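Asks: Give me coordinates for this.
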Amino acid sequence: MNHFLDIHTTDPADLRAIIDQASAMKRARQGRPKGTPDDDRPLAGRMVALIFEKPSTRTRVSFDVGVRQMGGQTMVLSGQDMQLGHGETIADTARVMSRYVDLIMIRTFDESVLAEMADHASVPVINGLTDRSHPCQIMADVMTFEEHRGPIAGKKVVWAGDGNNVCSSFLHAAGQFGFDLTFTGPMQLDPDPEYVGFARRKGARVTIERDPARAVEGADLVVADTWVSMHDSQSSKERRHNMLRPYQVNAELMGKAKPDALFMHCLPAHRGEEVTSEVMDGPQSVIWDEAENRLHAQKAIMRWCLGV
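Replies: Take a look at the predicted model:
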């Protein structure tokens, strides 16, 4: 049984196998209507629980569609449905759910909820997002880059903005896939030193550069994410905007990267804030491929977890 809890806790060879299988599954579906099942239906007869303590569009739809394409069924549960940790413990919930379903995906706030679920479940658990990491997203991002530019090993990735949970998973991926990462953003929002340290110990070059123009020089990929969370107060949003405004990804900034540099954003985006529409809709943007590849990457992750 394999849990998929984080990129840094998964063997690099397994990560590569997941990416390769995701690409193969995507190719096999070319020209096929979205609602039709795969020729290979490895999840036939399987039930997958999708638990959402945090709201979601892409994660919910992509996992749900992926399970159905592979012949399985889903049970979608919200935090309100389950009241995780309120009354019944998370450990007991994990034990009970394991008697009903074959696989659990959970999108939650606190990483400890994910860890406790995995510790006590007798079926595989997938991290759909926590406040500290977002590994499924970065698997799709690596897949997307390699579709367009070949192997990501040795490339330069620039993260512009807030050193948040998605940035953390990019740092994990830098260590596991062998690319370099430059963070450009305000000091108050630097990425977690623990994750920077992991990438460096694995041999990745991690650079902190306050000047965004210098940061993107020689970049193969520029990545941005939203500056604010739906849970931030209005005063917090204003402070963040003031700090992060110099790090907006616009045409001028992209012009300082390599001519064939790509732009990614995990979405949803606040157009005109962290990135301009000119970049999002421009020729260097691969955000729609990136969004689609959540489906294929997660299908491969589920197959790896179940060994099918």
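
Asks: Could you list the residues in contact with stretch 32-39?
Replies: 25, 28-29, 65, 68-71 (C-beta atoms under 8 Å, 6 or more residues apart in numbering). To be clear about C-beta, it is placed using only N, CA and C from the backbone, and glycine gets the same treatment.

Asks: Could you find the closest non-adjacent residue to the residue nearest the centre of the chain?
Replies: With distances taken as C-alpha atoms, centre = their mean, the residue of the chain nearest its centroid is residue 137 (1.7 Å). Leaving aside its sequence neighbours, residue 137 sits nearest to residue 266 (C-beta to C-beta, 6 or more residues apart in numbering; 5.0 Å).

Asks: what are the phi and psi angles of that neighbour?
Replies: phi -80, psi -10 (degrees, to the nearest 10).

Asks: For the remainder of this discussion, apply numbering that starts at 686.
Replies: In the new count, where the first residue is 686, that last one comes out as residue 951.

Asks: Counting neighbours, what do you get for it?
Replies: 22 (other C-beta atoms under 10 Å).

Asks: what residues are up against residue 888?
Replies: Counting by C-beta under 8 Å, 6+ apart, residue 888 has contacts 860, 863.

Asks: gap between residue 853 and residue 741?
Replies: 19 Å (C-beta to C-beta, to the nearest Å).

Asks: higher neighbour count, these two?
Replies: Between residue 853 and residue 741, counted using other C-beta under 10 Å, the more crowded position is residue 853 (28 against 17).

Asks: My understanding was that the more buried one contacts residue 880; is that so?
Replies: Yes. Assessed by C-beta atoms under 8 Å, residue 853 is found in contact with residue 880 at 4.6 Å.

Asks: hmm, which helix or strand of the chain has the shakiest average pLDDT?
Replies: helix 764-767 (a mean of 77; mean pLDDT, DSSP states H and E).

Asks: continuing past that helix, what's the next helix or strand?
Replies: helix 775-785 (DSSP states H and E).

Asks: and the residue nearest to residue 758 when sequence neighbours are not counted, what is it in contact with?
Replies: Excluding the flanking residues, the one nearest residue 758 by C-beta to C-beta, 6+ apart is residue 732, at 5.3 Å. For residue 732, the contact set (C-beta under 8 Å, 6+ apart) comprises 757-760, 785-788.

Asks: Pop out the phi and psi values for residue 843.
Replies: phi -120, psi 130.

Asks: so what's it bridging to?
Replies: As for beta bridges, residue 843 partners with residue 867, residue 907 under DSSP bridges.

Asks: neighbours around it, how many?
Replies: Residue 843, neighbours per other C-beta under 10 Å, totals 26.

Asks: what's the answer for residue 800, then?
Replies: Around residue 800 there are 17 residues (other C-beta under 10 Å).

Asks: tell me how far the lengthiest helix in the chain is from the chain's mean position?
Replies: Secondary structure of the chain per DSSP state H: the longest helix is helix 972-991. Averaged C-alpha coordinates place helix 972-991 at 10 Å from its chain's average position (C-alpha atoms, centre = their mean, to the nearest Å).

Asks: Ok, stretch 933-943 next?
Replies: 23 Å.

Asks: end to end, how far does it reach?
Replies: Start and end residues of stretch 933-943 are separated by 18 Å (C-alpha to C-alpha, to the nearest Å).

Asks: ok, which stretches of the chain are strands?
Replies: 732-737, 758-763, 788-792, 810-814, 841-845, 865-869, 891-893, 906-909, 947-950 (DSSP state E).

Asks: can you put these in CSV and add distance to residue 745 and mean pLDDT?
Replies: Below are the strands of the chain laid out as CSV (distance: least, C-beta to C-beta, whole Å; pLDDT from 0 to 100):
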stretch, distance to residue 745, mean pLDDT
strand 732-737, 6, 97
strand 758-763, 7, 95
strand 788-792, 8, 97
strand 810-814, 9, 98
strand 841-845, 25, 98
strand 865-869, 29, 98
strand 891-893, 32, 98
strand 906-909, 23, 98
strand 947-950, 19, 99
